[in-house]
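1. mind looking at a prediction? Sequence and model below.
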Amino acid sequence: MGDTPRNLNEAQQRRLIATFQHADKLLSEIEHILSASASKSPFPKYVSDLTPAQERVVRDYIARIRGQVMRVLAGLDIHVPDPAFGAIHSIRVHLSFIRVAIQEASPKDLAGYGPLPEELLPELNGFSNELETLVERLDRFLAQGPGYDVEQRLQRLTAAGDHVDLVKKLERIISSYGLVEFRPALANIVDRLASPRFEIAVFGQVSSGKSSLLNHITGIDVLPVGVSPVTSVPTRLIHGKPRLTVGFAGGRVEQLDLDEIGEFVSEERNPANAKGVAKIVASIPSERLSEGIVFVDTPGLGSLATSGAAETRAYLPQCDLGLVLVNAGSTLIAEDIQLIQTLHEDGIPSLVLVSKIDLLSEAERERFLRYIAEQLERNLGMAIPVHPVSVVPRYRGLTDRWFAEQIEPLYAKQQALALESIRRKIALLREAVAIAMRSKIGETAETSLPPEDLRDAERDLRSAGGRIAEVERRVLDLTDAIRSAGEGALDDAAQGLAAEWRSGRVEPVQDVVREVLGRTAARNAAEVRNELETLGRELMEAIGRANKVLGWTREVLGDEFERLLREVPQIDLSGIQIDSNGRQGAFMGRYLLDRRARSRLRTVKNDVDAAFISYARLLQFWARAALRGITEAFESRAGTVRAQLDRLISPGEVPDETRRKMRQDLEGIGVPQAGGR
């Protein structure tokens, strides 16, 4: 007996571990059964027929069994294996399965079980769209990692003050009562508290002179100019040693030389942000930049890089002062007014700069500045400061004077301005959270709305969202059709060329052909744009109708969708080369001229086909980016509306103790009880 090994061999240990793991899994399933009564699942599996006393006894025995298992393993000197998977990773895997399950419940899959009523298709697509959006947002939140946990970051803040305390209270309320629709705004505020700064962002249309102005302000030609359009990432300029920091979508960060910035911000070198750039920060040793002040060059609104315009709008809530450039060679347009209105509604002050003022004479300059100021006041009902600027040497004094009078004073009080900006954002969040909380406890006028009106508004909004999937399929079909449009376009070009010859005009063959091919491509692109434009209008109207039902007067979307659809990409026909003016005698007759034209163009058929195939890819990429922007713009507003409708449609019973606690929480953030207003 003394020679018998005390320890189990490796195979025996693995068997014992596997047995206990299986037993523990079954115990976990018993715990799941015990938790069934507390679950809010709409599909309960178990009837909760245990008494509280029975449940306590079962849990005590589970703890005893597990404790005994661990003592057995310890007595046998068997090491319990460490967990094999991280919780975040496992949750994200499950989310991917949920996403697949949602997609498998789409109308396309349901049609396999029988014909679907046509009128239900948009609503069913809307269900899928809503659920996928929620799953995607949760997945995106988890992908940020533990460093982005809002509660922990708030606890780490060294800053003090009433505003920090209020944010902590708002975070606790949002977490306690499941108000997930406010988490993005809360995270943005915490970002600003954790990294105090005063951001001055420059907005404007493509070629309005944003990059040139910032290069002049900093005194360093760091931003590429003459590049139109730029990619989809706002570029931050900060004070410091020369360095370029580029963050990518996958989380990778690279430190590069400043002269490499063009590789990431120019459409030519990074078309449609193919490199997946998520953030760009250029550190510059400029005397005109100081610690805490950040200048931001935003992508031009209406640019070819549609995702860039979407990123600019997504960036809006992050800035503290907006500089809106209006090109003196153009004029004030609806987009500029809408941008200023959006800044105002987000609590962000703005200045209007008339760029390229050197294009106007002194008399014209005064009239133009006066006209811009009058238009702003007429359309917005408020006076917006308007200043002339230019980077042309003769007129740089105007820019320097504006900078000295309007911007340099900000340096001395940037901390106070940054705090003021944060306070405005906190106030807006507090107001929105208060409305949601009051709805939960039935203390708003909205709670008296007819339930059927609320359900109709919810269905209407869902059906509008369902149109996104329909339009996506339609757009893909249209862009795919462009791939084979080259042959028909070439026939049209041959007819156009023959007509030129019959008329006796001497037009270069290449110009005639390119013009006809360009018109064909433009017609196809117009169909794609029209589909997206119609979708945007329908989504905007649906949000407007829902807001009207709720009695909300907040901004809907304005012409935001239209901005996403400007500057549709054009076909590149530079590869179509025909070396001949091609003048032919009109005496040849229509038939012979047509044959001659077709014969001439047959030599470029492969090039034409290649041009249309390439254009189809480009247009499809543009359309997908535009559709993403439209969807994001819609969901950013629809999410809050849906949450409020859901609260009003299914208010549920709020226990008296919970109601009392919610009122205390409202008072804690400075919201008086309904009777005290």
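-> Thanks, I have it.

2. burial of Arg430, as a residue count?
-> 19 (other C-beta atoms under 10 Å). To be clear about C-beta, it is placed using only N, CA and C from the backbone, and glycine gets the same treatment.

3. let me see the contact set for it.
-> 166, 170, 669-671 (C-beta atoms under 8 Å, 6 or more residues apart in numbering).

4. tell me the pLDDT of it.
-> With respect to pLDDT, Arg430 has a value of 87.

5. so of the contacts of Arg430, which ones are in helices?
-> Within these, residues falling in helices by DSSP state H are 166, 170.

6. need the buried ones from the contacts of Arg430 selected in ChimeraX.
-> Those of those that count as buried under 16 or more other C-beta atoms under 10 Å are selected in ChimeraX with:
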select :166,170,669,671
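
7. would you list the contacts of Arg430 in CSV and tack on pLDDT and distance to Arg71?
-> Listed next are those as CSV, based on pLDDT from 0 to 100; distance: C-beta to C-beta, whole Å:
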residue, pLDDT, distance to Arg71
Leu166, 88, 50
Leu170, 90, 47
Ile669, 88, 50
Gly670, 86, 54
Val671, 81, 54
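
8. ok, the contacts of Arg430 vs Ile65, which is closest?
-> Leu170 (43.1 Å; C-beta to C-beta).

9. so the closest one is in contact with Leu186, correct?
-> Yes: using C-beta atoms under 8 Å, Leu170 is in contact with Leu186, at 6.5 Å.

10. need the residues touching each of the two.
-> In contact with both Leu170 and Leu186: Leu429, using C-beta under 8 Å, 6+ apart.

11. so how far is Arg523 from Ala481?
-> 12 Å (C-beta to C-beta, to the nearest Å).

12. ok, now Ala404?
-> 52 Å.

13. specify the local secondary structure of the nearest residue to Glu377 once chain neighbours are set aside.
-> Here the nearest residue to Glu377 in space, its sequence neighbours aside, is Ala383; by C-beta to C-beta, 6 or more residues apart in numbering that works out to 5.6 Å. Under DSSP: H, G, I helix; E, B strand; the rest coil, the three-state class of Ala383 is coil.

14. Pro81: neighbour count?
-> Pro81, neighbours per other C-beta under 10 Å, totals 9.

15. wait, it touches Ile17, no?
-> Yes: checked against C-beta under 8 Å, the pair Pro81 and Ile17 is within contact range at 6.9 Å.

16. tell me the contacts of the closest residue to Thr534 other than its chain neighbours?
-> Nearest residue to Thr534, sequence neighbours excluded (C-beta to C-beta, 6+ apart): Val471, at 7.8 Å. The contact partners of Val471, taken as C-beta under 8 Å, 6+ apart, are 531-532, 534-535, 627.

17. which one of those is nearest Pro393?
-> The closest of those, once distances to Pro393 are taken by C-beta to C-beta, is Leu532, at 43.1 Å.

18. any idea which element the closest one lies in?
-> Under the criterion of DSSP states H and E, Leu532 resides in helix 509-550.

19. those helices in the stretch 101-250 of the chain, which residues are they?
-> 107-110, 121-143, 150-156, 162-176, 183-194, 210-218 (DSSP state H, counting those that start in this stretch).

20. sketch out the low-pLDDT regions of the stretch 251-400 of the chain for me.
-> Along the stretch 251-400 of the chain, segments meeting pLDDT under 70 span 251, 272, 291-292, 300-318, 346-347.

21. what are the ranges of the helices in it?
-> Under DSSP H, counting those that start in this stretch, the stretch 251-400 of the chain gives helices at 262-265, 306-315, 334-345, 362-380, 396-402.

22. point out the most buried one among those helices.
-> Highest mean neighbour count among those (mean count of other C-beta atoms under 10 Å): helix 306-315, with a mean of 23.

23. thinking again about what came up before, what about the helix holding Leu532, distance to the chain center?
-> 21 Å (C-alpha atoms, centre = their mean, to the nearest Å).

24. just stretch 283-294 next, same as before
-> Worked out by C-alpha atoms, centre = their mean, stretch 283-294 lies 28 Å from the chain centre.

25. in that stretch, what counts as buried?
-> Neighbour-count burial for stretch 283-294 flags 283-284, 286, 288-289, 292-294 (criterion: 16+ other C-beta under 10 Å).

26. can I get these in JSON lines including distance to Leu138?
-> Output for those, formatted as JSON lines (distance: C-beta to C-beta, whole Å):
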{"residue": "Ser283", "distance to Leu138": "34"}
{"residue": "Ile284", "distance to Leu138": "38"}
{"residue": "Ser286", "distance to Leu138": "41"}
{"residue": "Arg288", "distance to Leu138": "43"}
{"residue": "Leu289", "distance to Leu138": "38"}
{"residue": "Gly292", "distance to Leu138": "34"}
{"residue": "Ile293", "distance to Leu138": "36"}
{"residue": "Val294", "distance to Leu138": "30"}
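
27. nearest to Val100 among the residues you listed?
-> Closest to Val100 out of the buried residues of stretch 283-294 is Val294 (41.3 Å), distances taken as C-beta to C-beta.

28. pretty sure the closest one is touching Glu199, no?
-> Yes: counting by C-beta under 8 Å, Glu199 is a contact partner of Val294 at 4.6 Å.

29. hey, what's in contact with both of the two?
-> Arg236.

30. wait, Leu142 touches Ile91, no?
-> Yes: assessed by C-beta under 8 Å, Leu142 is found in contact with Ile91 at 6.2 Å.

31. for the stretch 101-250 of the chain, which spans come out with low pLDDT?
-> Residues of the stretch 101-250 of the chain that meet the cut-off, pLDDT under 70, sit at 144-161, 195-196, 226-232, 249-250.

32. can you give me the angle the host helix or strand of Thr479 makes with helix 121-143?
-> Element membership for Thr479, per DSSP H and E: helix 451-482. Interaxial angle, helix 451-482 versus helix 121-143 (axes from the mean of the first three to the mean of the last three C-alpha atoms, to 10 degrees): 90 degrees.

33. from here on, call the first residue 8.
-> Let's use 8 as the start, then, which means that last one is helix 458-489.

34. now the angle from helix 458-489 to helix 516-557?
-> 170 degrees.

35. list the buried ones in helix 458-489?
-> 461, 464-465, 467-476, 478-479, 481-482, 485-486, 489.

36. so how far is Arg99 from the closest residue to Asn386 other than its chain neighbours?
-> Distance criterion C-beta to C-beta, 6+ apart; nearest residue to Asn386, sequence neighbours excluded, is Ile344 at 5.0 Å. Per C-beta to C-beta, Ile344 is found 42 Å from Arg99.

37. show me the domain layout of this structure.
-> By the assignment in automatic domain parsing, the chain contains the domains 17-82, 90-137, 156-202+420-449+660-684, 205-419, 454-657.

38. possible to save these as a markdown table with distance to Glu143?
-> Formatted as a markdown table, those follow (distance: least, C-beta to C-beta, whole Å):
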| stretch | distance to Glu143 |
| --- | --- |
| domain 17-82 | 21 |
| domain 90-137 | 8 |
| domain 156-202+420-449+660-684 | 13 |
| domain 205-419 | 14 |
| domain 454-657 | 9 |
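
39. which residues touch Ile268?
-> So Ile268 contacts 229-231, 242, 251, 287, 289 (C-beta under 8 Å, 6+ apart).

40. now Thr665: how far from Asp653?
-> 18 Å.

41. before we move on, what about Ile40?
-> For Ile40, the distance to Asp653 - C-beta to C-beta - is 29 Å.

42. give me the nearest residue to Gly269, chain neighbours excluded.
-> Nearest one to Gly269, counting by C-beta to C-beta, 6+ apart, is Pro231 at 4.7 Å.

43. just Leu436 next, same as before
-> Counting by C-beta to C-beta, 6+ apart, the residue nearest Leu436 is Ala192, at 5.2 Å.

44. who's in contact with the one you found?
-> With C-beta under 8 Å, 6+ apart, Ala192 has these contacts: 324, 432, 435-436, 439.

45. mind redoing it with 10 Å?
-> Ala192 makes contact with 177, 181, 324, 432-433, 435-436, 439-440, 647, according to C-beta atoms under 10 Å, 6 or more residues apart in numbering.

46. alright, calling it a day.
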